[in-house]
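Visitor: No letters, just coordinates:
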């Protein structure tokens, strides 16, 4: 298991509760004009919370009690070396049968490189953002922030710099592998 508090790539800022982590996720996705709203409405959910709780429950995130907020020291090197999450759409489109590949590998997929949403992030990355992930054994797996992570990893692959402050909410997970979550689960 990775030792988060002594990891040279992560600077521990503070401990968090699950509710605080979920609030970060909500602020990233549930805002006026969010492109996520038509998606969860089309799938029949009454609210963003109802939709995202299906992922929270599937990944057993509420059961984790050692959440911390960390600043990523060098995100251009660190993010390409963390793993993509177990989201059905990403698994089906970009993982080529691999469980939670590194972002450095994901962004080599020919359909990721011209992805409009990821390109938009590269060109207009937020000055400050927070993603979320879990530690599974010796790897970090993203549970929120896939497009932002892909943008950083693709920019790194292309030799572009993204100068932003990126934080990550992390907790150790008791599972060895996250189940796949998403529309088909």
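Guide: Good, I have the coordinates. No experiment lies behind these values; they were computed from the predicted model shown. Numbering: from 1, shown residues only.
Visitor: list the buried ones in the lowest-mean-pLDDT helix or strand in the chain?
Guide: Here the helix or strand of the chain ranked lowest by mean pLDDT, DSSP states H and E is helix 36-42, holding a mean of 86. Residues 37, 40 are the ones in helix 36-42 that count as buried (16 or more other C-beta atoms under 10 Å). From N, CA and C alone the C-beta is placed, and that goes for glycine too.
Visitor: likewise stretch 109-119?
Guide: Applying 16+ other C-beta under 10 Å to stretch 109-119 flags 109, 112, 115, 118 as buried.
Visitor: Restricted to helices, list those.
Guide: residue 118 (DSSP state H).
Visitor: Let me have the buried residues of stretch 109-119 in TSV, adding distance to residue 148 and pLDDT as columns.
Guide: Below are the buried residues of stretch 109-119 laid out as TSV (distance: C-beta to C-beta, whole Å; pLDDT from 0 to 100):
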residue	distance to residue 148	pLDDT
109	17	96
112	13	94
115	12	92
118	9	94
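Visitor: before we move on, back to that, C-terminal to the least confident helix or strand of the chain, what's the next element?
Guide: helix 48-59 (DSSP states H and E).
Visitor: Helices along this protein, start to end?
Guide: Under DSSP H, the chain gives helices at 18-29, 36-42, 48-59, 75-78, 88-94, 103-106, 116-123, 146-157.
Visitor: what's the closest of these to residue 131?
Guide: For residue 131, the closest of the helices of the chain is helix 146-157, at 6.0 Å, according to C-beta to C-beta.
Visitor: got the angle between the closest one and helix 18-29?
Guide: Relative orientation of helix 146-157 versus helix 18-29 (axes from the mean of the first three to the mean of the last three C-alpha atoms, to 10 degrees): 70 degrees.
Visitor: chain center to helix 146-157, what's the gap?
Guide: 11 Å (C-alpha atoms, centre = their mean, to the nearest Å).
Visitor: tilt between it and helix 116-123?
Guide: If you take the same axes, to 10 degrees, helix 146-157 sits at 60 degrees to helix 116-123.
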